[in-house]
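A.B. asks: Sequence plus predicted model, see below.
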There are 2 protein chains.
Amino acid sequence: MSRGPDKQFDPEVALEKAMEVFWAQGYEAASLSQLLKCMEIGRKSLYDTFGNKRSLFLKALEHYAQTILKSIREQLSAPGSPLANIEQTLETMQTIHGLPGSKGCMIGTNIADFTTADEEMAAILRSYLRQLEDAYCKAVTRAQAVGELNLSVDARELARMLLCTTQGMALAGRVLHDESLLEGVVKSTMALLKKT
Amino acid sequence: MSRGPDKQFDPEVALEKAMEVFWAQGYEAASLSQLLKCMEIGRKSLYDTFGNKRSLFLKALEHYAQTILKSIREQLSAPGSPLANIEQTLETMQTIHGLPGSKGCMIGTNIADFTTADEEMAAILRSYLRQLEDAYCKAVTRAQAVGELNLSVDARELARMLLCTTQGMALAGRVLHDESLLEGVVKSTMALLKKT
């Protein structure tokens, strides 16, 4: 019978903490000691519950997808105007990534962090980008279906643009000290969309 | 009088090599031993010529600005159609960042790599983003002046969108295995611009 206090830890809470560390720092810079400290668990509990650092990272990434990316997907597919959903999604990103100390997107930060030679990780990170792309594509397609965007721009291509533009916003937000740059991105993107 | 072979090194060549390492791996993951190996110099030469790792990084970043970012600025300000210059710049990024093993943008990769608490580095990285934003802004303003883009979209805001879109392209390119996603970004961006 264990008497270690970390045996009572909630794996969900610990994973959330690990996600925060990997999100802020990227995989490489996140040290095991820092992860253990933030997760408030011991080394043995970490290995028993989550496996090694890479395995923990993959679980944290999936947790990010199931929480943060899910909220983006839900915002894009909410009832009502699909174009307004796209606008609100961009405005949410403007607000979040314009905050001082913004961590950016956990997917994007780690795309930059892993060596490009790590093909297994590249495929995993690419699949999360694809989830986002698909969510944008559905919103664009719906906006075209209800006549808010015309059909002359290919929905898949526009989704890919929105994916890259928002990834750039999340990245730039890490070094901005105010929202003005991101506000310009949202205003001009929406101005262009509304002209189509 | 030194007899060390590394005393004959060309600082410019060594700096170019350092830039490649920091560009591919980011600041954190670039180890001193790897830098020394790629630069083909000894530890003392590195410190004597470039200072510590951070100082070397800042010189490598400036070298990136003077070469890679300069070529982007030149492409954007080339004689002829400003809108065609913007399109060619995007197409160049599609090609470069669509290559297998693409390193992305050294600025963007390191924005993701440094902790956001490093305000000195954030200000430096932000200033390079600003250089790019200004180059896009000049091209957009010229395109508006010659009637290739209408005046209804704010030039500064559109420049900020192009900055973020291309940063997202460079980032995504690190995990893509073909050009198709980036091609969609360029086609839809140009389609939207040409409708204004």
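C.D. replies: That came through, no problem.
A.B. asks: residue contacts, the residue nearest the centre of chain A?
C.D. replies: Geometric centre of chain A, nearest residue: residue A:105, 4.1 Å, by Cα atoms, centre = their mean. Residue A:105 makes contacts with A:166-167, A:170-171, as judged by Cβ atoms under 8 Å, 6 or more residues apart in numbering or on different chains. Placement of C-beta: from N, CA and C, glycine included.
A.B. asks: For ChimeraX, what selects the buried ones among these?
C.D. replies: Buried subset of those, written as a ChimeraX selection, criterion 16 or more other Cβ atoms under 10 Å in any protein chain shown:
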select /A:166,167,170,171
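A.B. asks: ok, the contacts of residue A:105 vs chain B, which is closest?
C.D. replies: Using Cβ to the nearest Cβ, residue A:167 is the member of the contacts of residue A:105 that lies nearest chain B, at 3.6 Å.
A.B. asks: Scan chain A for its longest helix.
C.D. replies: The helix that spans the most residues within chain A, counting by DSSP state H, is helix A:119-145.
A.B. asks: Just give me how far that one sits from the chain centre.
C.D. replies: Distance of helix A:119-145 from the chain centroid (Cα atoms, centre = their mean, to the nearest Å) equals 12 Å.
A.B. asks: domain assignment for chain A?
C.D. replies: A:8-67, A:77-196 (automatic domain parsing).
A.B. asks: Could you identify which of the ones you listed is most buried?
C.D. replies: Each of the domains of chain A was scored by mean neighbour count; the highest is domain A:77-196, a mean of 20, by mean count of other Cβ atoms under 10 Å in any protein chain shown.
A.B. asks: okay, how far is it across it, tip to tip?
C.D. replies: 21 Å (Cα to Cα, to the nearest Å).
A.B. asks: Rounded mean pLDDT for it, please.
C.D. replies: For domain A:77-196, mean pLDDT is 95.
A.B. asks: returning to what we had before: which of the contacts of residue A:105 come close to chain B?
C.D. replies: Contacts with chain B within the contacts of residue A:105, as defined by Cβ under 8 Å from any Cβ of the partner chain: A:166-167, A:171.
A.B. asks: Reformat those residues into a markdown table and put secondary structure next to each item.
C.D. replies: Converted to a markdown table, these look like this (DSSP: H, G, I helix; E, B strand; the rest coil):
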| residue | secondary structure |
| --- | --- |
| A:166 | helix |
| A:167 | helix |
| A:171 | helix |
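A.B. asks: quick one, strands of chain A?
C.D. replies: In chain A, no strands are found when defined by DSSP state E.
A.B. asks: Spell out the residue ranges of the helices in it.
C.D. replies: Along chain A, counting by DSSP H, helices occupy A:11-29, A:32-39, A:43-50, A:53-64, A:70-76, A:82-98, A:106-113, A:119-145, A:155-173, A:180-195.
A.B. asks: To residue B:39, which of these lies closest?
C.D. replies: Closest to residue B:39 of these is helix A:11-29 (Cβ to Cβ; 20.9 Å).
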